[in-house]
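no sequence for this one, just the structure:
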């Protein structure tokens, strides 16, 4: 009504509220509508008081078509009515751009902070490593009375491999460290089936194969990680076939892995060589000491085997392999998932809960401030809501309109939050790169890309919807509870 009669908004509202009060004794708003239509056509001749009421109501009925307010109570929710609410909300906020900009900026900043925290946690705890079906990869270990994460000896691994029928593949790795250009670098000596078991693919060249580890000291070849190839060798494809010195031996470079294909605790790995070349590295010759437990074992579960059944079988195997009173008798069996860059264990869950709770409080504070703004706006809209109620709109219909208005504001706020997450990720990455010591291992091995992905976008969208609902509860309760007499 105030849109159609901007010069007399309060007069029209008061007149209409009086008309609605006269007709409020009717059971349905349609009775008033029908009477008004008959009066407009001249079919009835009411007295002067009724004439003024019906004239005001007829004017309101005409205006309701422009605002999308339904006369009928309990009208069904349709796409057309929702689009009407969206258009009305856009027009309303177009008349108050400062209010809309304040809400969008406040909510966008809070969503950006929460989204940045989720992006970091998602990169290390949710996003899988760059390998086929990484959720089937597990590290096998156990605890004894004196040690945690006990490892395998070469003889233990050779005994496990043919018996582990629940695994589609099992491989062993051994840590090695060498000096190169006055810098200590870490590498892994692996069994010949290591990359085959992981399902890894080369970026260039090839990866290690079973024949590379067929005989001790026969094939001095090495595979480099993608990050080291980019940082130290400038992504030069001619590195293939060249020889580099590692320990006491020169190795031929045969391939480069795909980006971010390292598993947990392999962030600082700078090369992979066959386990049969262990004699080239000081203190790594497992062949001369097969009972020394220095090998880490990784397995890939078969598709029809669960982690629980594999853990039960592994516990039985360990007790048979190391019966009491052996110093390696297990007291706890570990089957740790290698699907993500960091293990999702109890400590990780506690850190995640603490971080997300802290940033969630920021979002709640922002939602509380926006709620105060929405309440102030709701108080100024009491006459408008009274008109809608008198026209027959249900209180749920009023609440739906307010929720849609909040969602209209949440959309640009989510876009602003996504932009904040993108910029924050790039700024933080640039700051870490600038402060990273040149003599340290390649930063690319440790720092994962912090660009928002589908998970982050879905999280921001969900948080935006939740925020929109939260900031609507108080205004909707305030407006839906008003009485016509109060508004007049």
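Sure thing, it's come through. Predicted model, so just to flag it, every value in this text is computed and none were measured.

hey, let's count contacts and neighbours off CA atoms from now on
Noted.

Quick one: low-confidence residue ranges for the protein.
Within the chain, the segments meeting pLDDT under 70 span 1-77, 392, 438-442, 444-445, 478-488.

Where do the strands of it begin and end?
137-143, 167-180, 183-190, 202-205, 221-224, 243-246, 249-257, 269-274, 296-301, 332-337 (DSSP state E).

Please tabulate these in JSON lines, including the columns distance to residue 111 and mean neighbour count.
Converted to JSON lines, the strands of the chain look like this (distance: least, C-alpha to C-alpha, whole Å; neighbours: other C-alpha atoms under 10 Å):
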{"stretch": "strand 137-143", "distance to residue 111": "34", "mean neighbour count": "21"}
{"stretch": "strand 167-180", "distance to residue 111": "42", "mean neighbour count": "19"}
{"stretch": "strand 183-190", "distance to residue 111": "40", "mean neighbour count": "18"}
{"stretch": "strand 202-205", "distance to residue 111": "37", "mean neighbour count": "16"}
{"stretch": "strand 221-224", "distance to residue 111": "40", "mean neighbour count": "23"}
{"stretch": "strand 243-246", "distance to residue 111": "49", "mean neighbour count": "16"}
{"stretch": "strand 249-257", "distance to residue 111": "36", "mean neighbour count": "21"}
{"stretch": "strand 269-274", "distance to residue 111": "36", "mean neighbour count": "25"}
{"stretch": "strand 296-301", "distance to residue 111": "39", "mean neighbour count": "22"}
{"stretch": "strand 332-337", "distance to residue 111": "31", "mean neighbour count": "18"}
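
what residues are up against residue 213?
Listed by C-alpha atoms under 8 Å, 6 or more residues apart in numbering, the contact set of residue 213 reads 191-192, 219, 274-276.

what about the residue nearest to residue 409 when sequence neighbours are not counted, distance to residue 91?
In this structure, residue 409 finds its nearest non-sequential neighbour in residue 104, 6.1 Å apart by C-alpha to C-alpha, 6 or more residues apart in numbering. The gap separating residue 104 from residue 91 is 16 Å, by C-alpha to C-alpha, to the nearest Å.

So for these two, which sits in the more crowded spot?
residue 104 (24 against 11; other C-alpha atoms under 10 Å).

Next, find the distance separating the more buried one from residue 88.
Taking C-alpha to C-alpha, one finds residue 104 at 18 Å from residue 88.

ok, now residue 354?
41 Å.

neighbours around the residue nearest to residue 360 when sequence neighbours are not counted, how many?
Nearest-residue entry for residue 360: residue 114, 6.5 Å, with adjacent residues in sequence omitted and distances by C-alpha to C-alpha, 6+ apart. Residues contacting residue 114 under the criterion other C-alpha under 10 Å number 25.

One more: residue 129?
23.

likewise the one 3 residues further on?
When counting by other C-alpha under 10 Å, one arrives at 14 neighbours for residue 132.

Can you give me the separation between it and residue 310?
20 Å.

Same check on residue 80?
55 Å.

what about the helices in this protein?
For the chain, the helices defined by DSSP state H cover 9-23, 29-41, 48-67, 79-95, 97-121, 154-163, 194-198, 226-233, 307-321, 346-380, 382-390, 395-435, 454-480, 484-487.

JSON lines for those helices, including distance to residue 255?
Below are those laid out as JSON lines (distance: least, C-alpha to C-alpha, whole Å):
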{"stretch": "helix 9-23", "distance to residue 255": "78"}
{"stretch": "helix 29-41", "distance to residue 255": "78"}
{"stretch": "helix 48-67", "distance to residue 255": "67"}
{"stretch": "helix 79-95", "distance to residue 255": "57"}
{"stretch": "helix 97-121", "distance to residue 255": "31"}
{"stretch": "helix 154-163", "distance to residue 255": "26"}
{"stretch": "helix 194-198", "distance to residue 255": "12"}
{"stretch": "helix 226-233", "distance to residue 255": "9"}
{"stretch": "helix 307-321", "distance to residue 255": "33"}
{"stretch": "helix 346-380", "distance to residue 255": "34"}
{"stretch": "helix 382-390", "distance to residue 255": "71"}
{"stretch": "helix 395-435", "distance to residue 255": "26"}
{"stretch": "helix 454-480", "distance to residue 255": "31"}
{"stretch": "helix 484-487", "distance to residue 255": "78"}
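
out of those helices, nearest to residue 146?
helix 307-321 (16.1 Å; C-alpha to C-alpha).

which residues does residue 124 contact?
Contacts of residue 124 (C-alpha under 8 Å, 6+ apart): 340-342, 448.
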